[in-house]
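> Curious how this folds, go ahead:
(4 chains)
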Protein chains: 2
Amino acid sequence: MTADRPLNATAASLLGFLHDRPMTGWDLVATAQALIGDFWSLTRSQVYRELAAMERDGLVLAGAIGVREKRPYELTDAGRAAFASWVDGEPGPESIRYPLLLTLAFGRHLSPERLATFLAHHRHTHAARLQGYEALRAGADGTLDTYALATLDFGIRYERGVLDWLDHLSPELRGGTPG
Amino acid sequence: MTADRPLNATAASLLGFLHDRPMTGWDLVATAQALIGDFWSLTRSQVYRELAAMERDGLVLAGAIGVREKRPYELTDAGRAAFASWVDGEPGPESIRYPLLLTLAFGRHLSPERLATFLAHHRHTHAARLQGYEALRAGADGTLDTYALATLDFGIRYERGVLDWLDHLSPELRGGTPG
DNA sequence: TGGTACATGTAACATGTTACATGATTAG
DNA sequence: CTAATCATGTAACATGTTACATGTACCA
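Okay, the predicted model is just below:
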């Protein structure tokens, strides 16, 4: 049962959330999206797959099926131990995959107007995200713990950084050919 | 041959680099690492796989094997067209996977000292990266085009942002329990 | 002649994405 | 009674990672 291969970060996160209360796959997706979705994405498929695998490994225990086919999972002692060991390990380097930068890097193969459109669109998206984060921080007095605040702060600084970068790009890139 | 499924960004990048000159898989890995590696990672395995697939699809053409088993690939007209169409498409949203933030989000399950260690280590890594980028920009007078400069600028701002964020984290998080 | 850098590739596996299929419960 | 939301899951595929296997050429 307890196949002692190291946890991946996605599975570990699920275990992390299960510390608070038993949850269904559905709940876990929602929780993860809300709390770590901005720097760690996961899909429904993945969650159900990981839950099934972790049940095989004895890290979680599926409870009785409730109303609406709800199938809550709870943490086992092995699961708690696996999580504790994961969270104590050195976190790896972050990875960023940034399609806009890729397009920009190949900018000479692209019309200036098109590139400028992409940049403008991108700016819009990030401005909206920043607003969302700031509203969240302003509105959530006391509802967020120190740790959530810290990650939120990262998000805010990141988004501000992106906007700042865009606003300081050379005008030829940003503006197409003005006139 | 020309199976018209849409290019993925990794494959497209390879086509992008092949605009300059025919290159081997090895060359492409090195080039990609140098030019886009900071926001788009790829491995040797992937490159060889994509090259093989793109040859099947007629987007690249393998040349004669040269010295040291060197197998150069060159762009075909279909490849050029596929790239042009890819680069003209709206770039998708970026995705960040940030293990440190994940660990931080679960900070209450971790000893303050351990967390502080992770943060300090992280700071060190990013300070080094920033230095590298700044040296690159200072040293590369004229060797980088506008586009490469723009992506480099992003990197610099990003790293500065990370450091700034770390330096403004609440002292309990950063310092462990100061004594 | 022996080590290092160059060069290609496969195999096995892990992770992530998308589309599909199914059904229960609730609100209006 | 019917549409929206909740809920679970599978299948097929795409992408990314790690380890292994092989051989060439250059340099000291």
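
> where do the strands sit along chain A?
Along chain A, the stretches classed as strands by DSSP state E are A:60-62, A:73-75, A:95-97.

> out of those strands, nearest to DNA strand D?
DNA strand D sits nearest to strand A:95-97 of all these, at 6.3 Å, using Cβ to the nearest atom of the strand. C-beta here means a position set from N, CA and C on the backbone, and glycine is covered the same way.

> Give me the contact status of that closest one with DNA strand C.
No: counting by Cβ under 7 Å from any atom of the strand, no contacts exist between strand A:95-97 and DNA strand C, the nearest distance being 9.1 Å.

> likewise stretch A:7-23?
Yes: with Cβ under 7 Å from any atom of the strand as the criterion, DNA strand C is reached by stretch A:7-23 at A:8, A:10-11.

> so what secondary structure elements neighbour the longest helix along chain A?
Once chain A is assigned using DSSP state H, the helix that runs over the most residues is helix A:112-139. Counting contacts by 3 or more Cβ pairs under 8 Å, 6 or more residues apart in numbering or on different chains; DSSP states H and E, helix A:112-139 packs against helix A:99-105, helix A:146-168, helix A:171-175.

> Please point out which parts of that helix sit buried.
Taking 16 or more other Cβ atoms under 10 Å in any protein chain shown as the neighbour-count basis, helix A:112-139 is seen to contain the buried residues A:114-116, A:118-119, A:122-123, A:126, A:129-130, A:133, A:137.

> Same question for stretch A:74-87.
When neighbours are counted by 16+ other Cβ under 10 Å, the buried residues of stretch A:74-87 are found to be A:75-76, A:78-79, A:82-83, A:86-87.

> Also near chain B: which of the residues you listed, exactly?
Filtering these for neighbours of chain B using Cβ under 8 Å from any Cβ of the partner chain leaves A:83, A:87.

> Helices - which of the buried residues of stretch A:74-87 land there?
Among these, the residues falling in helices (DSSP H) are A:78-79, A:82-83, A:86-87.

> Below-threshold pLDDT in chain A: ranges please.
Along chain A, segments meeting pLDDT under 70 span A:1-4, A:176-179.

> Now with 90, please.
Chain A contains residues with pLDDT under 90 at A:1-6, A:64-69, A:139-143, A:174-179.

> near DNA strand C, which residues of it show up?
A:5, A:8, A:10-11, A:41-46, A:67-69.

> quick revisit: out of the residues of stretch A:7-23 next to DNA strand C, flag the one nearest to DNA strand D.
Nearest to DNA strand D among the residues of stretch A:7-23 next to DNA strand C: residue A:8, at 10.5 Å, using Cβ to the nearest atom of the strand.

> give me every residue that touches the closest one.
residue A:50 (Cβ atoms under 8 Å, 6 or more residues apart in numbering or on different chains).

> Got the phi and psi for it?
phi -90, psi 160 (degrees, to the nearest 10).

> With residue A:91 instead?
Reported as degrees, to the nearest 10, the phi and psi values for residue A:91 are phi -70, psi 140.

> Verify the contact between it and residue B:102 for me.
Yes: checked against Cβ atoms under 8 Å, the pair residue A:91 and residue B:102 is within contact range at 6.8 Å.

> The two - which one has more neighbours?
For residue A:91 against residue B:102, the residue with the higher neighbour count under other Cβ atoms under 10 Å in any protein chain shown is residue B:102, and the figures read 24 against 19.

> And that one, how close does it get to residue A:46?
Note on residue B:102: its distance to residue A:46, by Cβ to Cβ, to the nearest Å, is 15 Å.

> for residue A:158, same thing?
Distance of residue A:158 to residue A:46, computed by Cβ to Cβ: 24 Å.

> neighbour-wise, which of these two wins?
Taking neighbours as other Cβ under 10 Å, residue A:158 and residue A:46 compare with residue A:158 leading, 23 against 17.

> residue contacts, that one?
Neighbours of residue A:158 in contact, by Cβ under 8 Å, 6+ apart: B:96, B:158, B:161.

> nearest to residue B:59, of those residues?
residue B:96 (29.8 Å; Cβ to Cβ).

> That closest one reaches residue A:93, doesn't it?
No: here residue B:96 lies out of contact with residue A:93, judged by Cβ under 8 Å, at a distance of 11.7 Å.

> Run a quick neighbour tally on residue A:101.
The number of residues packed around residue A:101, counting by other Cβ under 10 Å, is 21.

> Now it: closest residue in space that isn't a chain neighbour?
Spatially, and ignoring its direct neighbours in sequence, residue A:101 is nearest to residue B:39 (4.4 Å; Cβ to Cβ, 6 or more residues apart in numbering or on different chains).

> residues near that neighbour, how many?
20.

> gap between it and residue A:32?
Distance, residue B:39 to residue A:32, using Cβ to Cβ: 24 Å.

> what do you get for residue A:151?
Residue A:151 is 13 Å from residue A:32, where distance means Cβ to Cβ.

> before we move on, what about residue A:81?
Taking Cβ to Cβ as the criterion, residue A:81 is separated from residue A:32 by 21 Å.

> which residues touch residue A:51?
A:14, A:25, A:28, A:60, A:62, A:73.

> my guess is the first one contacts residue A:31, does it?
No: under the contact definition of Cβ under 8 Å, residue A:14 does not touch residue A:31, with a separation of 9.1 Å.
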